[in-house]
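Visitor: model this:
(one chain, ligands or ions: 1)
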Amino acid sequence: MKKRKFLIDLNFITVFLIIIIIISTAIIAIVGYNLNKTIAVTSSNIASINEIEDKSTGRVEGNIEENTQNTFSQSQRINSTNNVNIPSQNQQENAGNISNQTQQENAGNISNQTQQGNIKNENQIVQNTGNTDQTNNNKNKQNNPNSQNGVIYLTFDDGPSANITPKILDILKENNIKASFFLVNYSDSNEKLVQREVNEGHTVGIHGYSHEYSKIYRSKDSYLKNIYTLQEKIKKSTGITTMYTRFPGGSSNTISRRYHKGIMTDLTKELLNRGFKYYDWNICAEDAGSAKNANDVYNYVVKYLSKKHGNMVLMHDFASNKKGLEALPKIIKYAKQNGYTFEAINDDTPMFAQHVNN
Ligand SMILES: [Zn+2]
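Guide: Have a look, this model is predicted:
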């Protein structure tokens, strides 16, 4: 009996323990499940938060990008153009090979700024022509912000030369067109060509007494001396004190780095402070560059002519440049047939300034 009671007690304890184990397991299982569930939910929440942040960041960046594109589309276009087209150093040094499109865009942006910044300088500029009609025209143009649209400024650098310059002057005369000449030092025998340029209503400007980069870009003083010397000479030849200049190689040239780092940054400011203006170009005829013949020169010019802004066309009248001379009548014919007008650079011509790269 005693043994039986013991067995009953043992059974009871076993059953009790089993029940406890079952209940414990159940509790552990339930708690564990809930814990896992909580962790899972938390993870899921973290994932969601990340997702939201990602989406948010993405959206914001997207917006920024969109806004940037809208706001700075022009800059971006210029930058992207620059990336593709900005001239390697060699091209820039060649001064003629810089992408026309890049120059057009750059010139548009910079010239406006420069123009605004230098209005006070305009009064200091010695009039190149005292013609009353022209002065009236200029006043009208000042009132018309689109006055440069479709205007072509033909410019001839590195002259005068005895064999090319007179023929260019003849062509301009036949077509009743005024143009601009950026001169280098000339011999006594060519002085009459400079006088003829002025007499026939063209603008004479200063390219430089010397065109030799290593000399003129050696220092600020050597550059200034180089333009004042020629300015004085032109005054003796023609009676005109010209304040129009063009940097050899353009203001964006990088060749000057070889001789004086930062000199173009200094010079571009210095010239304006002294009342000079400088004119780069937004169309390069490549007549001193990659054009193989007159047809190439013609194509380089007409391809980039635009009625949406002024067209500053870089050509040359140095002695060996027959390509430019031969192309000129065709360029003029095309321009006239397509409604362009021609002007010589005058006090109301906005500066065409490229990016300074040194
Ligand atoms: Zn030149």
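Visitor: surely M264 touches A353?
Guide: No - the pair M264 / A353 is not scored as a contact, 10.8 Å apart, by CB atoms under 8 Å. Just so you know, the C-beta spots here come from the backbone N, C-alpha and C atoms, and that holds for glycine as well.
Visitor: any common contacting residues for those two?
Guide: By CB atoms under 8 Å, 6 or more residues apart in numbering, M264 and A353 have these common neighbours: S251.
Visitor: spell out which parts of this protein neighbour the ion.
Guide: Near the ion, the residues belonging to the chain are D157, D158, P248 when assessed by CB under 5 Å from the ion.
Visitor: okay, and which of the residues you listed map to strands?
Guide: Of the positions in the residues of the chain next to the ion, D157, D158 sit in strands, assigned by DSSP state E.
Visitor: what would the residues of the chain next to the ion look like in JSON lines with pLDDT and distance to S187?
Guide: JSON lines is the format used below for these (pLDDT from 0 to 100; distance: CB to CB, whole Å):
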{"residue": "D157", "pLDDT": "98", "distance to S187": "17"}
{"residue": "D158", "pLDDT": "98", "distance to S187": "14"}
{"residue": "P248", "pLDDT": "98", "distance to S187": "19"}
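Visitor: from the residues of the chain next to the ion, which is closest to I19?
Guide: When those are compared for distance to I19 (CB to CB), P248 comes out closest, at 104.8 Å.
Visitor: and I23, helix, strand or coil?
Guide: When states are read from DSSP: H, G, I helix; E, B strand; the rest coil, the local structure at I23 comes out as helix.
Visitor: do L154 as well
Guide: Secondary structure state of L154, per three-state DSSP, is strand.
Visitor: mind listing the residues bridging to it?
Guide: Beta-bridge partners of L154, counted by DSSP bridges, are V313.
Visitor: which parts of this protein are helices?
Guide: For the chain, the helices defined by DSSP state H cover 2-71, 73-85, 89-94, 100-117, 119-122, 132-143, 165-174, 191-199, 213-216, 220-238, 263-273, 294-304, 322-337.
Visitor: lowest average confidence across those, which one?
Guide: Within the helices of the chain, the stretch with the lowest mean pLDDT is helix 73-85, showing a mean of 26.
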